[in-house]
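# 3D, please:
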Amino acid sequence: MAAIRNIEMCVGVTKDVQGRTTKTHGVNQDITDRKKAEEALHRANRQLSLLSGITRHDILNKITGILGYLKLAEMKSSDPALGEYLGKMESATTEIQSQIESTRIYQDLGTNEPQWIELDTVMPRSQVLATIALHVNVQGVEVFADPMLGKIFSNLLDNSIRHGQRVTEIQVSLQTSGEDLVVVWEDNGIGVGADEKEQIFERGFGKNTGLGLFLVRGILALTGITIQETGEPGKGARFEITVPKRLYRFTGSANPLAGDK
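Down below sits the predicted model:
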């Protein structure tokens, strides 16, 4: 029985000055080995995801037990100094528990094929507080990204709420930079200090788990999309997500950026 091969075919046409097709041309490429490598990588990712899920579950169960015994020890102890030590142990253990639970969001990262996603559908409208006005103008555009793209904007919203302090308005819009598309998320909060514009994307930076913006950059990088903070300190945060030309397309006949020069 003949082996099945995967062939990628690219076809082009040549037209004359009247726009009539005069010639067609194309090329075929055997991509069987590449497809096999991709399938092997997907299998390995699924196995690693399963292993990490099982390991996390087992560790969290042990931590729950430790916290329970620490509570019992605090209740039975009448020594203030010992009680203080037990409290510190409980606090450290709880922090470990939180950090392990936060890794759950990475379980599916990069395990699914990127896909075309309509940008407007992943805006976190239902998560916005009643005190904040969210203005979205990103209709008619699809982005080729990891299926976790929605978490990008959920995390940006969380960042505005947690760190903006006085945010009452958020604007999401589209711009161009050469042939690239720029998705702009900006709020009217206190902004980001000049010396922290890169630090905020590092793991562990911040007042909470430090995973929010680190995760944002990681998800976008899977398909070659980048993000940077360009806001003016004291006047609000501004995140620019740059999508290369090959990674976005317009869904309607009209270009929503036609008037953006």
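
# residue boundaries of the helices in the chain?
Using DSSP state H, the helices found in the chain span residues 32-76, 80-102, 149-163, 212-221.

# what's the closest of those helices to residue 237?
Evaluated over the helices of the chain, closeness to residue 237 peaks at helix 149-163, with 6.5 Å, by C-beta to C-beta. (Each C-beta comes from the backbone N, C-alpha and C, glycine too.)

# related to what we said a few turns ago, reformat the helices of the chain as a markdown table; add mean neighbour count.
Conversion of the helices of the chain to a markdown table gives the following (neighbours: other C-beta atoms under 10 Å):
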| stretch | mean neighbour count |
| --- | --- |
| helix 32-76 | 12 |
| helix 80-102 | 13 |
| helix 149-163 | 20 |
| helix 212-221 | 20 |
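
# Of all the ones you listed, which one is nearest residue 112?
Go through the helices of the chain one by one with C-beta to C-beta and the one that ends up closest to residue 112 is helix 32-76, at 8.9 Å.

# Report the mean per-residue pLDDT for that closest one.
When pLDDT is averaged over helix 32-76, the result is 82.

# what about stretch 227-246, distance to the chain center?
The chain centre lies 15 Å from the centre of stretch 227-246; the measure is C-alpha atoms, centre = their mean, to the nearest Å.

# buried residues in that stretch?
In terms of neighbour count (16 or more other C-beta atoms under 10 Å), stretch 227-246 has its buried residues at 227, 229, 231, 236, 237, 238, 239, 240, 241, 242, 243.

# need the contact list for the fourth one.
In this structure, residue 236 makes contact with 164, 167, 186, 187, 188, 189, 190, 191, judged by C-beta atoms under 8 Å, 6 or more residues apart in numbering.

# Would you mind measuring from it to residue 152?
19 Å (C-beta to C-beta, to the nearest Å).

# how deep is residue 13 tucked in, by neighbour count?
For residue 13, the neighbour count with other C-beta atoms under 10 Å is 10.

# for the contacts of residue 236, which one is nearest residue 76?
residue 164 (45.0 Å).

# wait, the closest one sits on residue 235?
No: with contact defined as C-beta atoms under 8 Å, residue 164 does not reach residue 235; the gap is 11.2 Å.

# shared neighbours, the two?
Overlap between the contact sets of residue 164 and residue 235, as judged by C-beta under 8 Å, 6+ apart, is given by 188, 191.

# backbone phi and psi for residue 139, please?
Phi and psi for residue 139, reported as degrees, to the nearest 10, are phi -70, psi 150.

# and what of residue 188?
Per degrees, to the nearest 10, the backbone of residue 188 is at phi -110, psi 30.

# Quick check: which ranges of the chain have low pLDDT?
Scanning the chain for pLDDT under 70 picks out the ranges 1-2, 41, 44-46, 48-50, 102, 105-111, 204, 206-211, 253-256, 258-261.

# residue ranges of the strands in the stretch 151-261 of the chain, please?
Using DSSP state E, counting those that start in this stretch, the strands of the stretch 151-261 of the chain run over residues 169-177, 180-187, 226-229, 238-243, 248-250.

# strands paired with the first one, and their directions?
It refers to strand 169-177. Looking at strand 169-177 with DSSP bridges, its partner strands are strand 133-136 (parallel), strand 180-187 (antiparallel).

# of all these, which lies closest to residue 66?
Nearest to residue 66 among the strands paired with strand 169-177 is strand 180-187; the distance by C-beta to C-beta comes to 39.9 Å.

# Could you list the buried residues of that closest one?
Of the residues in strand 180-187, those scored as buried under the neighbour-count criterion (16+ other C-beta under 10 Å) are 180, 181, 182, 183, 184, 185, 186, 187.

# From the residues you listed, pick the one nearest residue 125.
Nearest to residue 125 among the buried residues of strand 180-187, counting by C-beta to C-beta, is residue 185 at 13.6 Å.

# What separation is there between the closest residue to the closest one other than its chain neighbours and residue 133?
Here the nearest residue to residue 185 in space, its sequence neighbours aside, is residue 239; by C-beta to C-beta, 6 or more residues apart in numbering that works out to 4.4 Å. Distance of residue 239 to residue 133, given as C-beta to C-beta: 18 Å.

# I am finished for the moment; much appreciated.
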